[in-house]
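Asker: what shape does this take:
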Amino acid sequence: MQAGSRCNHSMAPREIDMTRRAVTRAATILAAAVAMHSPGVAAEQPYAFYVLNQRSIALTAQYWNPILTHVGRESGVPLELKLARTAKEGNAMAEMGKYDFLYTNHFFTPERDRLGYKVIARPAGPGIRSQIVVPEDSPIQTLRDLNGKEVAFVTPDGFTGYWLPMDALLRAKVNVKVVFTGNQEASSAQLKVNKVAAAGVNSSVMARYGRRESFEYRALWTSDIYQDLCIMANPKVPADEVAAVKAALINMVKDPEGRQILEAGADLLKSNTELGFVAAGNRDYDNYRKFYRTTQVKYK
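Answerer: Residues are numbered from 1 along each chain as shown. Sure thing, here's the model as predicted:
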């Protein structure tokens, strides 16, 4: 302020009105902040729905967010998509009970089975297989040809993307150089550009990638069939809310809006399998449990 200048302490009517509005806005924000921490509002917080890394985070979110929004609205149980940087990180969070629902097939090991997550639904369709694949024009013809070669796998937790194919290689007495890529489509991408000689993959994810990317490949080995990834509920989630989410998932294919979302998702992934979800239970995954009891693979 310059010397000799005066302060005018009087306020014009317009300034008074603006001040009142600012105070009102501040009070409203404060009230909302207080309400957010009240027990009634806490109950409305969305349940954390974790999806296992199979594709890029962007593609996974693009596929799952519309589904969870629809299911949340139809069930009255709000759901929020949760993704982790790696499957190992996501599994660790789930082991600590940080997620309310899971979409995974990593929780049938003896250690994780004891945590009590309950299978409630799975994608419709016949199931999945693991494959060890090579580019169509690769000179490699048998598993033995992979001896000493680099082979892509997803993570040490991956069932179709590591455990099943590695077990097959060990039983065939083939030693390979393991390259962990982080997710299924990353393995497919490395195979496409010949960074690895072969890849252990989920056959369904690989087929969709091949159609989307116009990539031709062939399988050296294919596993028995296993049920697809499933939706599991944390035992802490109230049974009535679990039932509501399950019903909304199963009924989605019959609902016009829900079916439209599923069709858009299938087009996004270039999937030609059956749409929607069906009911499932823990016993449907007993062959996973049997595999873990007899495998030659050691957990890393």
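
Asker: any idea what the residue at minimal distance from the centre of the chain is bridged to?
Answerer: For the chain, V51 is the residue whose C-alpha lies nearest the centre (Cα atoms, centre = their mean; 2.0 Å). On the basis of DSSP bridges, V51 is bridged to Y103.

Asker: surely it meets L79?
Answerer: No: taking Cβ atoms under 8 Å as the definition, V51 is not a contact partner of L79, at 10.9 Å. No exception for glycine: its C-beta is placed from N, CA and C like everyone else's.

Asker: show me the helices in this protein, by range?
Answerer: Assigned by DSSP state H, the helices in the chain fall at 13-36, 39-42, 57-75, 87-95, 110-113, 164-171, 184-192, 203-213, 239-251, 256-269, 286-294.

Asker: could you dump those helices to TSV with mean pLDDT?
Answerer: Formatted as TSV, the entries for these read as follows, by pLDDT from 0 to 100:
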stretch	mean pLDDT
helix 13-36	39
helix 39-42	37
helix 57-75	97
helix 87-95	94
helix 110-113	93
helix 164-171	98
helix 184-192	94
helix 203-213	93
helix 239-251	98
helix 256-269	96
helix 286-294	95
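
Asker: what about those helices, which gets the closest to Y226?
Answerer: helix 286-294 (6.0 Å; Cβ to Cβ).

Asker: in that closest one, which residues are buried?
Answerer: Y288, F291, Y292 (16 or more other Cβ atoms under 10 Å).

Asker: go on, stretch 214-222?
Answerer: Those would be F215, Y217, L220, W221, for stretch 214-222 by 16+ other Cβ under 10 Å.

Asker: likewise for stretch 139-148?
Answerer: I140, L143, D145, L146.

Asker: what do you get for stretch 56-76?
Answerer: Buried, per 16+ other Cβ under 10 Å, within stretch 56-76: T60, Y63, W64, P66, I67, L68, H70, V71, G72, E74, S75.

Asker: surely K270 is in contact with R208?
Answerer: Yes: in this structure, K270 is within contact of R208 by Cβ under 8 Å, at 4.9 Å.

Asker: okay, those two: which has more neighbours?
Answerer: R208 (23 against 13; other Cβ atoms under 10 Å).

Asker: which residues does that one contact?
Answerer: R208 sits next to L269, K270, S271 when contact means Cβ atoms under 8 Å, 6 or more residues apart in numbering.

Asker: state the distance from the residue lying closest to I57 once chain neighbours are set aside to S271.
Answerer: With Cβ to Cβ, 6 or more residues apart in numbering as the measure, L83 is the residue that lies nearest to I57, at 5.4 Å, once sequence neighbours are left out. From L83 across to S271, the span is 20 Å (Cβ to Cβ, to the nearest Å).

Asker: swap in P78?
Answerer: Distance from P78 to S271, by Cβ to Cβ: 27 Å.

Asker: okay, these two: which has more neighbours?
Answerer: S271 (20 against 15).

Asker: distance of the spatially closest residue to the more buried one that is not a sequence neighbour relative to S188?
Answerer: Nearest non-adjacent residue to S271, counting by Cβ to Cβ, 6+ apart: R208, 5.4 Å away. Applying Cβ to Cβ, the value for R208 to S188 is 9 Å.

Asker: try R129
Answerer: 15 Å.

Asker: in terms of neighbours, single out the busier of these two.
Answerer: S188 (25 against 19).

Asker: contacting residues for the more buried one?
Answerer: Neighbouring residues of S188 by Cβ under 8 Å, 6+ apart: A199, V201, V205, M206, Y209, G210, E213, F215.

Asker: and the gap between it and L115?
Answerer: In this view, S188 and L115 are 31 Å apart by Cβ to Cβ.

Asker: A48 too?
Answerer: Separation of A48 from L115 (Cβ to Cβ): 15 Å.

Asker: of these two, which one has the most company?
Answerer: A48 (17 against 14).

Asker: how about E257: what's its closest non-neighbour residue?
Answerer: H70 (6.6 Å).

Asker: I'd say the one you found and G258 touch.
Answerer: Yes: look at H70 against G258 with Cβ under 8 Å: they come within range, at 5.4 Å.

Asker: tell me, what's touching those two both at once?
Answerer: Both H70 and G258 are contacted by M252, under the criterion Cβ under 8 Å, 6+ apart.

Asker: coming back round to it: list buried residues within the contacts of S188.
Answerer: By 16+ other Cβ under 10 Å, the contacts of S188 give A199, V201, V205, M206, Y209, G210, F215 as buried.

Asker: show me what contacts the second one?
Answerer: Applying Cβ under 8 Å, 6+ apart to V201 gives the contacts S130, Q131, I132, V133, T160, G161, P165, Q184, S187, S188.
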